[in-house]
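# next input, structure requested:
(chains A, B and C)
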Amino acid sequence: MTVPAMLRDAGLAALVALALALPVVGIRTVDTGAVLGLDYRFGWVAIAVGIVFGGRLTALLLYDRLPRGPRRIRTKGLAGRSRTLVRYAAVAFIVFAAALPQLPFSDRYVVDTATQVLIYVMLGWGLNVVVGLAGLLDLGYVAFYAVGAYSYALLAKNFGLSFWECLPLAGAFAAFFGILLGFPVLRLRGDYLAIVTLGFGEMIRILLINWTTLTGGPNGLTSIPRPDFFGLAFTRSPAAGETAFHEFFGLAFSTQHRITFLYYLILILALVTGWAVERMRRLPVGRAWEALREDEIACQSLGINRTTTKLTAFAIGASFGGFAGSFFATRQGFISPESFTFIESATILAIVVLGGMGSQVGVVLAATVLVLLPEVFRDLAHYRMMVFGLAMVLIMVWRPTGFVTQRTPTVRLSDFTPDPGAAR
Amino acid sequence: MSEPLLSVRNLTMRFGGLTAVDDVSFDADQGAITAVIGPNGAGKTTLFNCLTGFYRPSSGALHLQAAGHVHRLERMQGHRIARRARVARTFQNIRLFPGMTALENLLIAQHNDLMRASGFTFLGIFGWPGYRRAEAAAVEKARYWLARMGMEERGDDLAGQLPYGAQRRLEIARAMCTEPVLLCLDEPAAGLNPRESAELNQILLLIRREHGCGILLIEHDMSVVMGISDRVVVLEYGRKIAEGTPAEVSRDPNVIRAYLGEEESAA
Amino acid sequence: MEYFLQQAINGLTLGAIYGLIAIGYTMVYGIIGMINFAHGEVFMIGSFLTVIFITVLGSLGIHPTFTIIALVLLLVIPFTGVWGWSIERAAYRPLRGSFRLAPLISAIGMSIFLQNLVQFLQGARNKPIPVVVPGGFTLVESDGFPVQVRWLQIVIVVMTVALMIGLTTLIHRTRFGRAQRACEQDMKMAMLLGIDVNRTISATFVLGAGLAGIAGVMVAYYYNVVNFYDGFLAGLKAFTAAVLGGIGSVPGAMLGGLLLGLIEAMWSAYFSIEYKDFAAFSILVLVLIFRPTGILGRPEIEKV
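This next block holds a predicted model:
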């Protein structure tokens, strides 16, 4: 491209930017009583147009210098190395995660944020079963998270069940909802499935808002029982006949105890999730999920029941969502429908896709990025979601296949001795 | 005479106003290679899709005789045909799991057995020894088929990155891993060069000889059809126009007019 | 009966608006097979542009006469068109030919971005505008229950019908329409035959965005208040309408929109207003389960 052509191209881009920005950026409507007032800021428009012009021109100039040709995809050679690499990364992650609350720079904020990351890691791993492995696009995953959270809250409040008693029940309820949802819709094609699951997510939320007698409506449920450490409560002054955590261990009371305990709790839950998903991936059920993602017709011709295989993926994914929901409820002590909006589903999905569909390590990376990103931009609270949305687009455009694209095979011929009938 | 392995009786398949398969009847025997030939659009693949449960026939019967039990394929759900009646197939446009390794492809073919061995995941997830043995046996079977197909060292390669001919062979191996009594091959020689085509003949003969399963074959490559098939069924516009040994069929005037004549004049 | 008639009129108006937005979904889905998740936001931007223009005119002392409101409508269309074009260019075109979920994820990101961009630029509060098309007439009155028809409702329905006719002509009679239908059938082949596929896709986005813009103007006039999160739900409903009518079919989108509008109005009137969105999504689910091709959609046979 010649320089004048580049200038013209950049000029056109600037013109488009002008059309976009002129009314929406240039004119701001201000609330001044009954009638809207106006506030002109054409300076902003000029800046925006300038940025677009300059950016486009720079991009064109740089693109011209770049070597052409199709991007090379590495396929071989890495496989053997990546397996040990992943194993080291996993060990390093677990060691770091376990040590985190004891590290010198850790304070309440760090541990809280890390807990947040781990919730999303767990949710991401759960959704990964559905989206990454089975290839079913689920835009309503938050519904199962909500079912888990409300199950815990209602069971704990109404029947006085402990966290550990509620956890499997919440998972079972969420799995039940998953099957209920999945059964009629699983024969739909990808995009349709996405929208129906989105519809289901919204339906659950509408139900939570309107079924006031059970769910407390828009106000949600408050004073949800907090978790205890094998019967030891994390309170300054425990009820009569009970012992508090700090009393039992002879420590001074600190709110940090509960936060640290919650952190380890979610760490264990997340690790169990990760372990279970990775094991399942290497079992026939997991291979069938991936096969289903690759080619449904071929699966059927091999005698695999498509419906039940998809349902197991949905149910298992949902139950992990339910577990995470229970944890969320006990951590917050308060839940309301506001926590279970579509944005939440989109965030979890973004984690799975950005991580690289089906990759466990990728989920950890993506969850860290997506939780920390808004934290970094915390001072600019107004921009938070805006940056989040923009980042989703940019990362997709930059790397549509996600951070980690290497798939580790579930089984290797070289791991088995070719001796016939040999059992290891 | 013993009962035929597969008997197709008055099979008809309509799509709206179009009759793709029209009142077709024929038999296929155990341990024999039956070829189904015919010009493009003759209804061969539709026949296969009815046989393997992807379409429900409009009318007619498909009976499969295996181990003293008659399976009525026209009434069975697709995945059950593969699982219970043990009918396996390949596809005209190869349908492997391209993002998974060749070995994984072959293990997925043994899904139902492995699933049971893993206690439907509940036992397998805790490393149940019975499952490990079953998995090792499954890998062994996969290795056997890889070796038979001459691609033992490619077991850990992604299926989608194998050369075309190897993909064709892998698809047959995958079908064989389901231990079928009837193997349906939809144009297995399409896109193969003459050498690969000859290798394919050997593989099919070996399968017939050593595994005793019936083979139903759709093929355009006459060197494959004439060289190895025991019987040939000829379809044209959804109807059966001839049936017999390769020699009989190639002499049949109807066939020459409808199919071979065109083929020769084109060549 | 009068109550029913009143609800039918309201439902029809709402349905016409859903239909206009649904056309954008259906055309984009038809041509590139993706759900343009950000389409609802284009509609919302159309509403905001209306508010901005009307307010600017008001501050200049120009009162909304018929000419003025028509002028605003004509002004909004190209602006939303540019938005539609830019969204496609920036977020979807680079991902064409990528794996199938990538554009959908990008679209979701775009939707989140646009919503929050408008919130950031224009504020989170409801934006009111004065009633620009006042008045109406009483259709029938009995037992003291008057069935009111607003002039604007007539304008909306008539304009929607006119646009439908225009669009059908465009698709069936013009070069662009032919190119568009060719791309729908087989994009690669269309490209080989010398159709500028990129331009055709862009034009489809612009057209859909223009129609969403019109819907945005109408909603602003009709409800006299807009908010930055209006686009999400409206978009979802419109998508439901497109599926109901049969995705890929333009008349289907319109039909689906009208049906959905009527169902929603009746549900709110006779059952419960809280659960009206619940009803809309239930319809989506039921249609997809029992008739995935919608009312006017072509059946799809699973290719083996």
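# chain B contacts on the stretch 251-400 of chain A?
Counting by Cβ under 8 Å from any Cβ of the partner chain, the stretch 251-400 of chain A comes close to chain B at A:276, A:279-280, A:283-285, A:287-288, A:290-291, A:294-295, A:297-306, A:312. All C-beta spots, glycine's among them, are computed from the backbone N, C-alpha and C.
# let's go with 10 Å and repeat that
Proximity of the stretch 251-400 of chain A to chain B is confined to A:275-276, A:279-280, A:282-288, A:290-309, A:312, A:316, A:358 under the rule Cβ under 10 Å from any Cβ of the partner chain.
# out of these, which are close to chain C?
Applying Cβ under 10 Å from any Cβ to those, one finds that A:296-298, A:300-301 fall near chain C.
# stretch A:410-420: which residues count as buried?
A:410-413, A:416 (16 or more other Cβ atoms under 10 Å in any protein chain shown).
# same thing with stretch B:46-56?
Neighbour counts over stretch B:46-56 (16+ other Cβ under 10 Å) mark B:46-55 as buried.
# okay, strands next: where are they in the stretch 1-150 of chain C?
For the stretch 1-150 of chain C, applying DSSP state E, counting those that start in this stretch gives strands covering C:127-128, C:136-142, C:145-150.
# dump these to TSV, plus mean neighbour count, distance to chain B and mean pLDDT.
Putting these into TSV (neighbours: other Cβ atoms under 10 Å in any protein chain shown; distance: least, Cβ to the nearest Cβ, whole Å; pLDDT from 0 to 100) gives the following:
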stretch	mean neighbour count	distance to chain B	mean pLDDT
strand C:127-128	20	49	85
strand C:136-142	11	45	77
strand C:145-150	16	44	83
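# with distance to residue B:191 as extra columns, can I get those in JSON lines?
Shown next, in JSON lines, are the strands of the stretch 1-150 of chain C (distance: least, Cβ to Cβ, whole Å):
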{"stretch": "strand C:127-128", "distance to residue B:191": "63"}
{"stretch": "strand C:136-142", "distance to residue B:191": "69"}
{"stretch": "strand C:145-150", "distance to residue B:191": "66"}
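# out of these, which comes closest to residue C:232?
Closest approach to residue C:232 among these is made by strand C:127-128 (16.6 Å; Cβ to Cβ).
# run the chain-centre distance for that closest one.
21 Å (Cα atoms, centre = their mean, to the nearest Å).
# quick check: residue B:26 touching residue B:241?
No. Residue B:26 is not in contact with residue B:241 according to Cβ atoms under 10 Å; the separation is 11.7 Å.
# give me the common contacts of the two.
Counting by Cβ atoms under 10 Å, 6 or more residues apart in numbering or on different chains, the common neighbours of residue B:26 and residue B:241 are B:233, B:235.
# now residue B:14: which helix or strand?
Secondary structure from DSSP states H and E places residue B:14 in strand B:6-15.
# let me know whether that strand sits next to chain C.
Yes. Using Cβ under 10 Å from any Cβ, we find that strand B:6-15 touches chain C at residue B:15.
# just the CA coordinates of that strand, formatted as CSV?
Extracted in CSV, the C-alpha atoms of strand B:6-15 (Å, rounded to 0.1, in the frame of the first residue of the first chain):
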residue,chain,number,x,y,z
LEU,B,6,-28.5,-59.2,6.4
SER,B,7,-31.7,-59.4,4.5
VAL,B,8,-33.1,-56.2,3.1
ARG,B,9,-36.8,-56.5,2.1
ASN,B,10,-38.7,-54.0,0.0
LEU,B,11,-36.8,-51.1,1.5
THR,B,12,-38.2,-47.7,0.5
MET,B,13,-37.0,-44.3,1.6
ARG,B,14,-38.8,-41.1,0.6
PHE,B,15,-37.8,-37.5,1.2
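# just checking, next helix/strand downstream of it?
Following strand B:6-15 toward the C-terminus (DSSP H and E): strand B:18-28.
# so what strands line up beside that next one?
Here strand B:18-28 is paired, per DSSP bridges, with strand B:6-15 (antiparallel).
# show me which residues of the strand it pairs with are buried.
B:6-8, B:11-13.
# then stretch C:116-133?
C:116-122, C:127-129, C:132-133.
# how about these in a markdown table, adding distance to residue B:149?
Below are these laid out as a markdown table (distance: Cβ to Cβ, whole Å):
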| residue | distance to residue B:149 |
| --- | --- |
| C:116 | 56 |
| C:117 | 57 |
| C:118 | 60 |
| C:119 | 60 |
| C:120 | 61 |
| C:121 | 63 |
| C:122 | 65 |
| C:127 | 69 |
| C:128 | 73 |
| C:129 | 73 |
| C:132 | 75 |
| C:133 | 75 |
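# so which of those residues sit within helices?
Judged by DSSP state H, these include C:116-122 as members of helices.
# for the residue lying farthest from the centre of chain C, what are phi and psi?
Each residue of chain C has a distance to the centre, and by Cα atoms, centre = their mean the biggest one is for residue C:143: 37.0 Å. Main-chain dihedrals, residue C:143, degrees, to the nearest 10: phi 50, psi 30.
# in contact with it, which residues?
Shown in contact with residue C:143 (Cβ under 10 Å, 6+ apart): C:1-3.
# what's the answer for residue A:38, then?
Contacts for residue A:38 were tallied using Cβ under 10 Å, 6+ apart; they are A:27-30, A:32, C:52, C:55-56, C:58-60.
# quick one, phi/psi of it?
Torsion angles, degrees, to the nearest 10, at residue A:38: phi -130, psi 150.
# name the residues linked to it by a beta bridge.
residue A:29.
# give me the mean pLDDT for stretch A:101-114.
In this model, stretch A:101-114 carries a mean pLDDT of 82.
# kindly report the same for stretch A:13-27.
The model assigns stretch A:13-27 a mean pLDDT of 86.
# show me what contacts residue A:263?
Contacts of residue A:263 by Cβ under 10 Å, 6+ apart are A:97-98, A:100-101, A:106, A:110-112, A:114-115, A:118, A:331.
# so can I have JSON lines of the strands of the stretch 1-150 of chain C showing distance to chain A?
Output for the strands of the stretch 1-150 of chain C, formatted as JSON lines (distance: least, Cβ to the nearest Cβ, whole Å):
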{"stretch": "strand C:127-128", "distance to chain A": "6"}
{"stretch": "strand C:136-142", "distance to chain A": "23"}
{"stretch": "strand C:145-150", "distance to chain A": "22"}
